[in-house]
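Colleague: Here's my sequence, what's the structure:
(chains A and B)
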2 protein chains.
Amino acid sequence: MFFLKKILIFLSVFTLALCEEALESDPFPKPLIVEINEAQLKEWPVEEEEVQLQCTSWRVAVEANNLSPWEKIPEECADYVKEYMIGKGYELDLQRVSNEAKAFARSVYLSGDGKSAWIFDVDETLLSNLPYYADHGFGLEVFDSTKFGQWVEMGIAPAIESSLELYEEVLSLGFKVILLTGRSERHRSITVENLFQAGFREWDKLLLRSSEDHEKTATIYKSEKRNELVEQGYQILGNSGDQWSDLLGSSMSIRSFKLPNPMYYIS
Amino acid sequence: MFFLKKILIFLSVFTLALCEEALESDPFPKPLIVEINEAQLKEWPVEEEEVQLQCTSWRVAVEANNLSPWEKIPEECADYVKEYMIGKGYELDLQRVSNEAKAFARSVYLSGDGKSAWIFDVDETLLSNLPYYADHGFGLEVFDSTKFGQWVEMGIAPAIESSLELYEEVLSLGFKVILLTGRSERHRSITVENLFQAGFREWDKLLLRSSEDHEKTATIYKSEKRNELVEQGYQILGNSGDQWSDLLGSSMSIRSFKLPNPMYYIS
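Modeller: Okay, here's the model as predicted:
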């Protein structure tokens, strides 16, 4: 029986290995079986599966706000994050958050005084900097504000389509849209231009960081801005952001929506 | 060449299929290849991969608090959730949250007045009801408070080992431990007994739901209890819970730790 097992394993490995060569151009999962022996069987295919497990666990910890501030993604998750960002995973997660937010927006009571607000962050929430991050290891490089500033100044960040859908829906439902971004005031005009080109064309306020805000954490800066909005009579019903620092703090929204972002962390 | 390809595919399928039978007792991933033909190759293994993607996306949305209240897990994710809970995924995520919490606990300043507190939820945070949920579809069945109450009364829920590690660490660092649970006062003695048997033997307070708390959402009930703690002079530095309703609301902790739980949702 054991002998039979060995022969069969050898045959599968052999034929599959050949298959793989023959199918070179097909999207066949990478080396299904490269080398295998009986001792390894119990844990096959350890390495790839283990990386997948570990990096998914890391990503879930990011999304659940369980990690302390981190500067760059774990080295061993470089391929995983890239695959997630450019594969189906990221888009699927974005679409899910958008759908959930739309369902909430449709269900929540708007007071009718024109003060029911939905807050949107900008980067990785309305606009995608994926073209930039694709050139910088999808989070594997430490954030470089000079280089990123140059990218921002190009004003060509595309819309996150599922966020544009939500944006249009909340506007049509009568929400006031507030854009609250960590971008600097000096990027106001290019940001407006970029937003327009990407299809975001109506808002009540676009709040950017002024010089006195630069030393503040995003959580503090954004909380202060939300406090001011509440003082001005706004009811903050929804809030969409890719960072927990967009969502937590004071004057929190009734419901908040955390868009996926395994590439960088902002305190 | 195409003919060769077909033969090779047939051989691999055939030998692997046989292998699978021969290896019945080995933890070999379920039907690697059951039936395959050239037309299907391009999208193989679409179905399994799609379920994996969709259910991971759903689970991430759960952990990121993006979903509105849900009664049971999606039918199509039944196997996925089961596999996650009894496979490596759940344990890995639990361990990661515990490690992150321990690192924070060690780094945070304790005032030394004996009022630095760490709050723990009980179910799926300190104690595991996995034996119960394994008998009830891992969240596929709608929650039945009578049946669950009978399970609680048995007092045999095992410890979540990684939480016990954290528990011991925060105690040894000088935190006051507060247990804040949605369990009813009528389960106090069995809960104490169960906690003791599982290794949790020291706490400052064990707060359970009294009769006037039963109509409140967990978020409100737990916020009220935290408010009282703050009024009593406690500084709530850490909070560990498997539900966002353990963590959000008023008098939130400096940092909170969301333990994984894709089986049920409590508002």
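Colleague: Next, the contact list for residue A:98, please.
Modeller: By C-beta atoms under 8 Å, 6 or more residues apart in numbering or on different chains, the contact list for residue A:98 reads A:162, A:163, A:165, A:166. (C-beta placed from N, C-alpha, C; glycine too.)
Colleague: Please name the nearest non-neighbouring residue to it.
Modeller: Sequence neighbours aside, residue A:162 is the residue nearest to residue A:98 in space, at 3.7 Å (criterion: C-beta to C-beta, 6 or more residues apart in numbering or on different chains).
Colleague: who touches that neighbour in this structure?
Modeller: Contacts of residue A:162 by C-beta under 8 Å, 6+ apart are A:91, A:94, A:95, A:97, A:98, A:99.
Colleague: So which of those sit within helices?
Modeller: A:91, A:94, A:95, A:97, A:98, A:99 (DSSP state H).
Colleague: Could you report the neighbour count for the fourth one?
Modeller: So the one you mean is residue A:97. Neighbour count of residue A:97, defined by other C-beta atoms under 10 Å in any protein chain shown: 27.
Colleague: if I pick it, what's in contact with it?
Modeller: A:162, A:240, A:257, A:258, A:259, A:260, B:61, B:66.
Colleague: most neighbours, which of those residues?
Modeller: Counting by other C-beta under 10 Å, top hit in these: residue A:257 with 29 neighbours.
Colleague: And what about it, helix, strand or coil?
Modeller: Three-state assignment for residue A:257 (DSSP: H, G, I helix; E, B strand; the rest coil): strand.
Colleague: go on, residue A:71?
Modeller: coil.
Colleague: what are the pairing partners of the longest strand along chain A, and which direction each?
Modeller: The residue-count maximum for a strand in chain A (DSSP state E) belongs to strand A:176-184. Using DSSP bridges, the strands paired with strand A:176-184 are strand A:116-120 (parallel), strand A:205-209 (parallel).
Colleague: So what touches the last one?
Modeller: What that stands for is strand A:205-209. Counting by C-beta under 8 Å, 6+ apart, A:178-185, A:187-188, A:191-192, A:195, A:221, A:225, A:229 sit against strand A:205-209.
Colleague: Could I have the buried ones of the residues you listed as PyMOL selection syntax?
Modeller: Here is the PyMOL command that picks out the buried ones among those, judged by 16 or more other C-beta atoms under 10 Å in any protein chain shown:
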select buried, chain A and resi 178+179+180+181+182+183+184+187+191+192+195+221+225+229
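Colleague: related to what we said a few turns ago, list just the nearest of the contacts of residue A:97 to residue B:153.
Modeller: Using C-beta to C-beta, residue B:61 is the member of the contacts of residue A:97 that sits closest to residue B:153, with 33.5 Å.
Colleague: quick one, what contacts that closest one?
Modeller: Neighbouring residues of residue B:61 by C-beta under 8 Å, 6+ apart: A:93, A:96, A:97, A:100, B:67.
Colleague: One more: residue A:84?
Modeller: A:59, A:90, A:262.
Colleague: would you turn the residues you listed into TSV with pLDDT, distance to chain B and neighbour count?
Modeller: Converted to TSV, the contacts of residue A:84 look like this (pLDDT from 0 to 100; distance: C-beta to the nearest C-beta, whole Å; neighbours: other C-beta atoms under 10 Å in any protein chain shown):
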residue	pLDDT	distance to chain B	neighbour count
A:59	98	7	23
A:90	98	10	22
A:262	98	10	23
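Colleague: For these, could you give me JSON lines that also reports distance to residue B:139?
Modeller: Below are the contacts of residue A:84 laid out as JSON lines (distance: C-beta to C-beta, whole Å):
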{"residue": "A:59", "distance to residue B:139": "21"}
{"residue": "A:90", "distance to residue B:139": "26"}
{"residue": "A:262", "distance to residue B:139": "26"}
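Colleague: Kindly report the domain assignment for chain A.
Modeller: A:2-44, A:61-258 (automatic domain parsing).
Colleague: Deepest in the core, which of the ones you listed is it.
Modeller: domain A:61-258 (a mean of 18; mean count of other C-beta atoms under 10 Å in any protein chain shown).
Colleague: Beta-bridge partners for the residue in the stretch 151-267 of chain A that chain B sits nearest to, please?
Modeller: Proximity to chain B, evaluated over the stretch 151-267 of chain A using C-beta to the nearest C-beta, is greatest for residue A:258 at 4.3 Å. For residue A:258, the beta-bridge assignment (DSSP bridges) gives partners residue A:241.
Colleague: That one reaches residue B:65, doesn't it?
Modeller: Yes: counting by C-beta atoms under 8 Å, residue A:258 does reach residue B:65; the two are 6.8 Å apart.
Colleague: In which helix or strand does residue A:106 reside?
Modeller: Following DSSP states H and E, one finds residue A:106 within helix A:88-107.
Colleague: In PDB, could you pull the C-alpha coordinates for that helix?
Modeller: C-alpha atoms of helix A:88-107 as PDB (Å, rounded to 0.1, in the frame of the first residue of the first chain):
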ATOM      1  CA  LYS A  88      -9.800  40.900  -7.200                       C
ATOM      2  CA  GLY A  89      -9.500  41.200  -3.400                       C
ATOM      3  CA  TYR A  90      -9.200  45.000  -3.000                       C
ATOM      4  CA  GLU A  91     -11.900  45.700  -5.500                       C
ATOM      5  CA  LEU A  92     -14.200  43.300  -3.900                       C
ATOM      6  CA  ASP A  93     -13.700  44.800  -0.500                       C
ATOM      7  CA  LEU A  94     -14.100  48.300  -1.800                       C
ATOM      8  CA  GLN A  95     -17.400  47.300  -3.400                       C
ATOM      9  CA  ARG A  96     -18.600  45.600  -0.300                       C
ATOM     10  CA  VAL A  97     -18.000  48.700   1.900                       C
ATOM     11  CA  SER A  98     -19.600  50.900  -0.700                       C
ATOM     12  CA  ASN A  99     -22.700  48.700  -0.800                       C
ATOM     13  CA  GLU A 100     -23.000  48.600   3.000                       C
ATOM     14  CA  ALA A 101     -22.600  52.300   3.100                       C
ATOM     15  CA  LYS A 102     -25.300  52.900   0.500                       C
ATOM     16  CA  ALA A 103     -27.700  50.600   2.300                       C
ATOM     17  CA  PHE A 104     -27.100  52.600   5.500                       C
ATOM     18  CA  ALA A 105     -27.500  55.900   3.700                       C
ATOM     19  CA  ARG A 106     -30.800  54.800   2.300                       C
ATOM     20  CA  SER A 107     -32.100  53.600   5.700                       C
END
